[in-house]
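Chemist: predicted model and sequence below, questions to follow.
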2 protein chains.
Amino acid sequence: MSIIKEVAAEAGVSVMTVYNVINGNYSKVSEKKIKLILKLLEEKNYVPNLTAKSLAIKSTKIIGIIVPVGDDDYNFFKDPYLSELIGVIEHLLRKKGYYAMVRSVIHAADISTLLKTWNMDGAIFLLPYYDHIAHQILAQNNLPMVFLDSYSDNPDIFSVGIDDYKGGYIATKYLVSLGHTRIAFAGSIGEDGVKCVVNQRFKGYKDALREANIEFHESFVYPFAPVYDMGIVAGREISKRKGEITAVLATADVMAIGIMEGARLNGYLLPNDLSIVGFDNIEASIFCSPKLTTVSQNIPKKAECAIDLLMKQINDEPTPEKRPVLDVEIIERQSAIPLR
Amino acid sequence: MSIIKEVAAEAGVSVMTVYNVINGNYSKVSEKKIKLILKLLEEKNYVPNLTAKSLAIKSTKIIGIIVPVGDDDYNFFKDPYLSELIGVIEHLLRKKGYYAMVRSVIHAADISTLLKTWNMDGAIFLLPYYDHIAHQILAQNNLPMVFLDSYSDNPDIFSVGIDDYKGGYIATKYLVSLGHTRIAFAGSIGEDGVKCVVNQRFKGYKDALREANIEFHESFVYPFAPVYDMGIVAGREISKRKGEITAVLATADVMAIGIMEGARLNGYLLPNDLSIVGFDNIEASIFCSPKLTTVSQNIPKKAECAIDLLMKQINDEPTPEKRPVLDVEIIERQSAIPLR
DNA sequence: TTGTACGCGTTATCAA
DNA sequence: TTGATAACGCGTACAA
């Protein structure tokens, strides 16, 4: 028997009266009974059952944290950028009385099922792998959603991004200011013409080169996945061209750290033989030596914006900006130094 | 109106018949209607509502992933050990049809509330900060639970741990084998006599010293928190005693990396001036230079054991071992080298 | 083969 | 002030 019923029986009142006390409708109950009922609830450690409440009010306070994973066995939490982001998000949600249901998804089709299964109040999509089906996701699920780093041209989408173009631009400009002219670009660029995170950074890179009257070489592009292992591969490739390439811009810190390793494996001395700039400013960027110069994005702020956007939708408040874009900046450390 | 009712109406049957089809009780429904109903369900993208189902069957398929956080603003996901662990756990739970609700908790009292609020099917406690109230947690919550790294003497507790004593022992022995005799220990040791992760490692450290006829010095102990920043502090302290201390065992990789940094800030050349052994074998232990020699614990296996123990409890299967202890091993890299 | 009735814990409405 | 009743979506037991 449920605690509510026990209390009602013991206090000699109806279940409804107990609920009135629980919900603070004190005006509707006599003071004497209030005290007794509160005492009994306390004694029995009553905690409202949210699965029942959810059913009644059609709101669960569950927010889905959706992370696409390609391969079934890849542990996306090893990515420090994602973990940090999830940590901040969980924290903010908790403070606002929501519950974070973290979920990696392999098949995009599973998303709708998940959201409906728990009748979630909202969802945050951490990685921008859904631009091509954004329309479908929006159509199938009528609930507040926020996409991170999306470049979808769907006008109905809410998203929080960073100024990827500027990131690529200032990083390249920074390397140019150090005297570098033969600058490689490492990152999984998408199809030509498609707007996406890496392509925007790539565009910034090319524009900065052009502005400095530096010719762009297709062979300077290493279109590898932004993970440590592929960084090593890229680093090995790049260091085969000693003297030809003097600097690299990588689209993720972990990749940049991998590039360092790969170059070192080929006998490079860092940062002398190769200047490297990363992207994200994860905590591990100070673990490596030389410490990584990188384009910093403010992860806590990104999370805040996402939650803010989500809450505004949930509470039917106006959203001044549907797609805020956060600023980025260069964090100068030791991995990029003047040429020569 | 719910999809179920729509389908029932359109198919001209009762709601019950629709449920029979959904639940595969085909024997109870005529083939013609089955096809029609399945088609309608498909069209309308029917997904069972777990909040309602949970209420009816008193099982939610939600597993709580509980992480204690001391300070309100500390982002525990920055800890690579925890993130990796959570990643594996989410993955395993998903494959078994469960949902991971990740939750940081500040006040231990919130735990019971959380578990009851969602009527969770089980819970995993990631950090062993609850040994002193384990009895209370067990008493207040009658659901399958698994504690990681617990040294509670409560016989009712299920836990998965690693051989911390052996870890401290083999790490110290390893340093001794390299010729070191003045070996410091860095980690937040608990009260004397209390069994806990760090104290066990500390015990292993002391026993290994004794076995090698090396005197233990109280002043060689740096009882700092196992985080990067405190590692730096420890590294600075240790490097003030050049020649006096030649090696350190740290109880966490991030701390070991911090120690490197602190020592370097004081002019140390690594690993020449100081040999360092870490603990955990997180991914970032290869990001630093020199690469970290460390005591490895098998995080995926730890997660697997925990889930296995949890599932056995949920399914009322016998559990051969209530408190499995996983083995550890030394991973030799570059941060610890022979003396001189 | 199909349908009815009731319960799960909670909220909302309305009557007493 | 208090309480009865219906509803939320689903499962179980039992009838027709």
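Modeler: Received it, and whenever you're ready, just let me know what you need. Numbering: from 1, shown residues only, chains lettered A, B, ... in the order given.

Chemist: from here on, just use CA atoms for contacts and neighbour counts.
Modeler: Fine.

Chemist: once you drop chain neighbours, what's closest to A:Tyr169?
Modeler: Excluding the flanking residues, the one nearest A:Tyr169 by CA to CA, 6 or more residues apart in numbering or on different chains is A:Gly204, at 4.0 Å.

Chemist: how about residues contacting the helix or strand where the one you found lies?
Modeler: A:Gly204 belongs to helix A:197-211 when elements are defined using DSSP states H and E. Under the criterion CA atoms under 8 Å, 6 or more residues apart in numbering or on different chains, residues A:149-151, A:164-173, A:185, A:187-190, A:215-216, A:251 lie in contact with helix A:197-211.

Chemist: now do stretch A:262-271
Modeler: A:231-236, A:238-240, A:260, A:274, A:290, A:334-337.

Chemist: restrict that stretch to CA atoms and write it as CSV.
Modeler: C-alpha atoms of stretch A:262-271 as CSV (Å, rounded to 0.1, in the frame of the first residue of the first chain):
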residue,chain,number,x,y,z
GLY,A,262,53.1,11.5,-34.5
ALA,A,263,55.7,14.2,-35.4
ARG,A,264,57.8,13.3,-32.4
LEU,A,265,57.8,9.7,-33.5
ASN,A,266,59.3,10.8,-36.7
GLY,A,267,62.1,12.6,-34.9
TYR,A,268,60.6,16.1,-34.7
LEU,A,269,61.6,18.4,-31.9
LEU,A,270,58.6,20.4,-30.7
PRO,A,271,57.7,23.2,-31.0
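
Chemist: okay, buried residues for it please.
Modeler: A:Gly262, A:Ala263, A:Arg264, A:Tyr268, A:Leu270, A:Pro271 (16 or more other CA atoms under 10 Å in any protein chain shown).

Chemist: how far does it sit from its chain's centre?
Modeler: 31 Å (CA atoms, centre = their mean, to the nearest Å).

Chemist: now do it, average pLDDT.
Modeler: Taken as a whole, stretch A:262-271 has a mean pLDDT of 97.

Chemist: mind showing which ranges of chain A have poor pLDDT?
Modeler: Low-confidence segments of chain A, defined by pLDDT under 70, are located at A:1, A:71-74.

Chemist: all helices for it, in order.
Modeler: In chain A, the helices defined using DSSP state H lie at A:3-11, A:15-22, A:31-43, A:50-57, A:80-95, A:109-117, A:134-140, A:164-177, A:197-211, A:228-238, A:253-265, A:299-314.

Chemist: please parse chain A into its domains.
Modeler: A:3-48, A:62-161+A:299-326, A:164-297 (automatic domain parsing).

Chemist: quick check: closest non-adjacent residue to the closest residue to DNA strand C within the stretch 1-150 of chain A.
Modeler: Per CA to the nearest atom of the strand, A:Pro48 is where the stretch 1-150 of chain A lies closest to DNA strand C, at 3.2 Å. Spatial nearest neighbour of A:Pro48, excluding adjacent residues (CA to CA, 6+ apart): B:Thr117 at 5.9 Å.

Chemist: how about A:Tyr222?
Modeler: A:Ala186 (4.6 Å).

Chemist: contacting residues around that neighbour?
Modeler: So A:Ala186 contacts A:Val221, A:Tyr222, A:Pro223, A:Phe224, A:Ala234, A:Val248, A:Leu249, A:Ala250, A:Thr251 (CA under 8 Å, 6+ apart).

Chemist: cool, and A:Val18?
Modeler: With CA under 8 Å, 6+ apart, A:Val18 has these contacts: A:Ile4, A:Val7, A:Ala8, A:Ile37.

Chemist: try it again at 10 Å.
Modeler: Contacts for A:Val18 (CA atoms under 10 Å, 6 or more residues apart in numbering or on different chains) come out as A:4-5, A:7-9, A:11, A:24-25, A:29, A:33-34, A:37-38, A:41.
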